[in-house]
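J.: Sequence and predicted structure are below.
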Number of protein chains: 2
Amino acid sequence: MPEHSEFLHALTSLLPAQSISLAEEVLAEYAVDQGPVLDLQLPLAVVWARTVEDVQDVVLLAARHGVSVVGRGAGTGVSGGAHASRNSLILSLERMNRILDINPEDEVAIVEPGVVNAELNAAVEPYGLMYAPDPASYRMSTIGGNIATNAGGLRCAKYGVTRDSVLALDVVLADGSLIHTGHRTFKGVAGYDLTSLFVGSEGTLGIVVGATVRLKYLPVDSRTLAIFFDDFRTAAAGVLAVGKARIQPAVMELLDGASLQDIDERMHSTLRSRGGALLLIQTDGFGAEAEAEGVAAAVAPLGGRLSFEDPEEAGRLLELRRNSRGMDADLQTRVGEDIAVPRSRLVDYIAETEQLALRHQVNVRVVAHAGDGNLHPTFWTEDAEPQSIARLNAALDESVQLALEMRGTITGEHGIGQFKLQWLSQEQSPELRTLQHRLKELFDPSGLFNPGKAI
Amino acid sequence: MPEHSEFLHALTSLLPAQSISLAEEVLAEYAVDQGPVLDLQLPLAVVWARTVEDVQDVVLLAARHGVSVVGRGAGTGVSGGAHASRNSLILSLERMNRILDINPEDEVAIVEPGVVNAELNAAVEPYGLMYAPDPASYRMSTIGGNIATNAGGLRCAKYGVTRDSVLALDVVLADGSLIHTGHRTFKGVAGYDLTSLFVGSEGTLGIVVGATVRLKYLPVDSRTLAIFFDDFRTAAAGVLAVGKARIQPAVMELLDGASLQDIDERMHSTLRSRGGALLLIQTDGFGAEAEAEGVAAAVAPLGGRLSFEDPEEAGRLLELRRNSRGMDADLQTRVGEDIAVPRSRLVDYIAETEQLALRHQVNVRVVAHAGDGNLHPTFWTEDAEPQSIARLNAALDESVQLALEMRGTITGEHGIGQFKLQWLSQEQSPELRTLQHRLKELFDPSGLFNPGKAI
Ligand SMILES: Cc1cc2nc3c(=O)[nH]c(=O)nc-3n(C[C@H](O)[C@H](O)[C@H](O)COP(=O)(O)OP(=O)(O)OC[C@H]3O[C@@H](n4cnc5c(N)ncnc54)[C@H](O)[C@@H]3O)c2cc1C
Ligand SMILES: Cc1cc2nc3c(=O)[nH]c(=O)nc-3n(C[C@H](O)[C@H](O)[C@H](O)COP(=O)(O)OP(=O)(O)OC[C@H]3O[C@@H](n4cnc5c(N)ncnc54)[C@H](O)[C@@H]3O)c2cc1C
């Protein structure tokens, strides 16, 4: 198409060759994140920004040529939020990966968006600090992507989600301008909280080109308990028992038998032989030991097999949990969910999910950030026959309805992206959706950024 | 004015007599909050909503007659956010004060906006739960007002500010419609975070008529340390020392000698005789004792006089701190500030504030939510002579500039209201301010809600 060649020509004169790729295999690689693909689109180009000015230039050029801009971090998103849109370019932030400042006294860091979560954590650790949000993808995903999705993770039960750690943002808007929101101080209430509005907006309101994040204290101590149960529902009841004891673990993860087995197969572990479900709890801080004892007492009546793990084994178990999703993207035949329910409904939700999988003759395995009521059931079928896919979709749909009936949400931490738009109107009223579209229009009147996502 | 009599007539036929007052003394009482008054306006009427429908009806009627609506909780705001605007009515939410639901298993409560903070805390305490945000005004201020200002408080150093505890909101918009934002679950990332946008918007985007809040666990244990120092700067250095030890107290408050003396005079205590500055620290949770010992070790080199307080004395000290502001509204001759600076600048800020007060020949006393770098200097003069007021204003202005130079904010928790608008453009860029005005326009095109405040 001539207008594209014009655009691509302008793009190649704007940026150095190593900042652009038009290669087929690169376009294919960057066309999708790890989420299910409903409508595969190849981007016109992949562009790697090195500077804020690069982002501004690319945004302006794209706007001028009517080409959409899809921001991208590491592409580990699982909702299709970073899938290429029709007639779009992928704007990768992964090379803007410098940690610009660590101030251990102010307990803040300033980073470019492409900094990988684990790298920031490694950099601040010597100061006794941590960047708290730790999605299981923390070794790969970027702070910018974490911010754009408001990522959760394992320890957010105690330490909060990404939004709770972001103090200020630099954002390039659809008109190419750069704004700075927020404050460097822990608290600040001047004006509207635009920072929180950008957090979780999945690249639809602007491109995050810098962030000031708050760091928390590395815990002085931690205790890890592995509690194996025969069945998953009892394990889930353990979560409620810990809550009733009013103990707040840093990590409280649930894995069902199928998840344990899947991990064993991929990671050569032997978790499944220890039980049919695992409740993995880590307490931390000065009270770690006392809290762990409290947890043990709280779950004792449920009859699980409890063991205190030494630090090395604890680390290994948490890594296995982090690997429970595997490294594979969602497929037509396998889709991971991300619903959340009020905590009191955990056991019910799990019971009904097992039922509905049976009814629809699909497989299911479940892991959960159980402390937050955030469940990740993965449904899959053995083959890609149309009837199988139909059954899978019916099961998916029912599992989402179930969450909504229990006053839950269709997405606890992964975002709406492209894939979950199909359910959004069941969670949100038309008025609320209209309001969000009007907000989108205010920030991005021509619909430049990541069209067809998030709202 | 005839158009007002028409409006007032319509208002009195809309609501029962006990829901409206036009009485001079009531109008005067509700004309202002506790903040400085720059431009005294009497409201046309004071209206007490009993239901969501009342709020909707009043909003629609006011819109039809071009009368502004100023939402009001307990009127304890200290920035003039609840001051009557020209040609406005005061919409008080204080009678919508029912706790609609407490769910101890989900760890959430649903409240009407007029519920007083302390009452919610009293109601959830039997379940081992607390509503964490605790502005010093917690015995008077309302959850709706706390939400509208994103109130902080003493224990937010550890437990977060109001925004961190609000899951969902019911809001009446300028067109009289009611929207529900957010989720009942701890986590949820469907769509844009409108909840956070309304939190802290000071009644300019809509009227909060309901809130779902997250409850936290009441700590099993706590330890309170009172550390008296000869001078204030050394006490402030203690805050940094505790931070360096990577210990996170629940409460970390600083009071200078003048504040101690002022409290002594009003509350008949004897704090000033114990030292020239007080660092008041409370640790809590399972590790409270170990943390308190860590705090003691961290501050030991600074040579303060440290005492562990028994629970009763600890409660008394915290109440004295909460009373440090007194119950009196700001005056022309006495204004309380609310700046925040990055933590590392605490000592510098205090040193320079003492200097500038001397230079401008005004009095100053300072209390601080020191864990958050949030300082409340109160400046005052002995008389209301024009030169005295001029010196007071010069000192105020300089103290705010100083915070900005140190990369701080002009308001840590009290909000911009009406009084701090004079400094907002020094903190926020024209682009950011324009964006906020466009947001305001989107929500409230005719400028119905609380004009001349917040942005
Ligand atoms: C193995 C595995 C485990 C996971 N575990 C978790 C978990 O525990 N918790 C959790 O919350 N998620 C988890 N995820 C999902 C995913 O890792 C997170 O959503 C992560 O935050 C995405 O970061 P990213 O850098 O890969 O972003 P991408 O996938 O590249 O992008 C995600 C979204 O953000 C937008 N975006 C990216 N960068 C920017 C930017 N700079 N400015 C504006 N928009 C931008 C994209 O357009 C897209 O909409 C997991 C994924 C995998 C594969
Ligand atoms: C002694 C004292 C101590 C204080 N200590 C603290 C402290 O430690 N931390 C802190 O953050 N603040 C503190 N404050 C300030 C004040 O208490 C808080 O700002 C409080 O949140 C205000 O609540 P309120 O119910 O009194 O609201 P009001 O003063 O009535 O209103 C405050 C603002 O919110 C708006 N508003 C109120 N209700 C609604 C509603 N339902 N919907 C929409 N808008 C609404 C008003 O229009 C106004 O802009 C203190 C004040 C005093 C007098």
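T.: In hand now; what should we look at? Residues are numbered from 1 along each chain as shown, chains lettered A, B, ... in the order given. Ligands and ions are numbered 1, 2, ... in the order given.
J.: got the contact list for the top helix by length along chain A?
T.: Looking only at chain A and at elements set by DSSP state H, the helix with the highest residue count is helix A:386-405. Counting by CB atoms under 8 Å, 6 or more residues apart in numbering or on different chains, the neighbours of helix A:386-405 from elsewhere in the structure are A:332-333, A:335, A:337, A:339-341, A:349, A:352-353, A:356-357, A:360-362, A:364, A:375, A:377, A:379-382, A:409-410, A:423, A:426-427. Every residue, glycine included, has its C-beta placed from N, CA and C.
J.: Buried ones among those residues?
T.: Among the contacts of helix A:386-405, those classed as buried by neighbour count (16 or more other CB atoms under 10 Å in any protein chain shown) are A:333, A:335, A:337, A:339-341, A:349, A:352-353, A:356-357, A:360, A:362, A:364, A:375, A:377, A:379-381, A:409-410, A:423, A:427.
J.: Intersect these with the contacts of chain B.
T.: Checked against chain B using CB under 8 Å from any CB of the partner chain, the buried ones among the contacts of helix A:386-405 give the following subset in range: A:340-341, A:409-410, A:427.
J.: is chain B contacted by the helix or strand A:Arg223 falls within?
T.: Here A:Arg223 sits within strand A:222-229, counting by DSSP states H and E. No: between strand A:222-229 and chain B, judged by CB under 8 Å from any CB, nothing touches; the nearest distance is 10.9 Å.
J.: just checking, what packs against that strand?
T.: Contacts of strand A:222-229 with other secondary structure elements, assessed using 3 or more CB pairs under 8 Å, 6 or more residues apart in numbering or on different chains; DSSP states H and E, are made with helix A:232-244, strand A:277-284, helix A:288-299, strand A:305-309, helix A:311-322.
J.: avg pLDDT for it?
T.: Looking at strand A:222-229 alone, the average pLDDT works out to 97.
J.: Which one of the helices and strands packed on strand A:222-229 lies nearest to B:Leu218?
T.: Smallest distance to B:Leu218 across the helices and strands packed on strand A:222-229 (CB to CB): 13.0 Å, for helix A:232-244.
J.: average pLDDT across the closest one?
T.: 96.
J.: what comes into contact with it?
T.: Taking contacts as CB under 8 Å, 6+ apart, the residues outside helix A:232-244 that touch it are A:227, A:229, A:249, A:252, A:254, A:256-257, A:276-279, A:281, A:295, A:298-299, A:301-304, A:343-344, A:346-347, A:350-351, A:354, A:366, A:368, A:370-371, B:105, B:107.
J.: roughly how far is that helix from the heart of the chain?
T.: 24 Å (CA atoms, centre = their mean, to the nearest Å).
J.: quick one: the very next helix or strand once past it to chain centroid distance?
T.: Sequence-wise, the next helix or strand downstream of helix A:232-244 (DSSP H and E) is strand A:251-256. Here strand A:251-256 is found 17 Å from its chain centre; the criterion is CA atoms, centre = their mean.
J.: low pLDDT regions in the stretch 301-450 of chain A?
T.: Counting by pLDDT under 70, the stretch 301-450 of chain A contains low-confidence residues at A:327.
J.: Please work out which residue of it is closest to ligand 2.
T.: Using CB to the nearest ligand atom, the closest approach of the stretch 301-450 of chain A to ligand 2 is made by A:Leu435 at 16.8 Å.
J.: Report whether the expected contact of that residue with B:Ile179 is present.
T.: Yes: between A:Leu435 and B:Ile179 there is a contact under CB atoms under 8 Å: 6.7 Å.
J.: between these two, who's got more neighbours?
T.: Here A:Leu435 and B:Ile179 are compared on neighbour count by other CB atoms under 10 Å in any protein chain shown; more neighbours surround A:Leu435, at 22 against 18.
J.: Against B:Phe443, how distant is the more buried one?
T.: According to CB to CB, to the nearest Å, A:Leu435 stands 8 Å off from B:Phe443.
J.: Check A:Ser388 too.
T.: With distances taken as CB to CB, A:Ser388 is found 47 Å from B:Phe443.
J.: For those two, work out which one has more neighbours and name it.
T.: Counted by other CB under 10 Å, A:Ser388 and B:Phe443 do not tie: B:Phe443 has more neighbours, with 23 against 18.
J.: what sits against that one?
T.: Counting by CB under 8 Å, 6+ apart, B:Phe443 has contacts B:173-174, B:205-206.
J.: mind listing what's buried in the longest helix of chain A?
T.: A:388, A:391-396, A:398-400, A:402-403.
J.: Same question for stretch A:434-454.
T.: For stretch A:434-454, the neighbour count (16+ other CB under 10 Å) marks A:435-436, A:439-440, A:443-444, A:448-454 as buried.
J.: So which of the contacts of helix A:386-405 sit within strands?
T.: Using DSSP state E to define strands, the subset of those located there is A:335, A:364, A:375, A:377, A:379-380.
J.: Which pLDDT value goes with the residue of the stretch 151-300 of chain A found nearest ligand 2?
T.: Proximity of the stretch 151-300 of chain A to ligand 2 (CB to the nearest ligand atom) peaks at A:Val189, 8.0 Å away. Among the per-residue scores, A:Val189 holds a pLDDT of 97.
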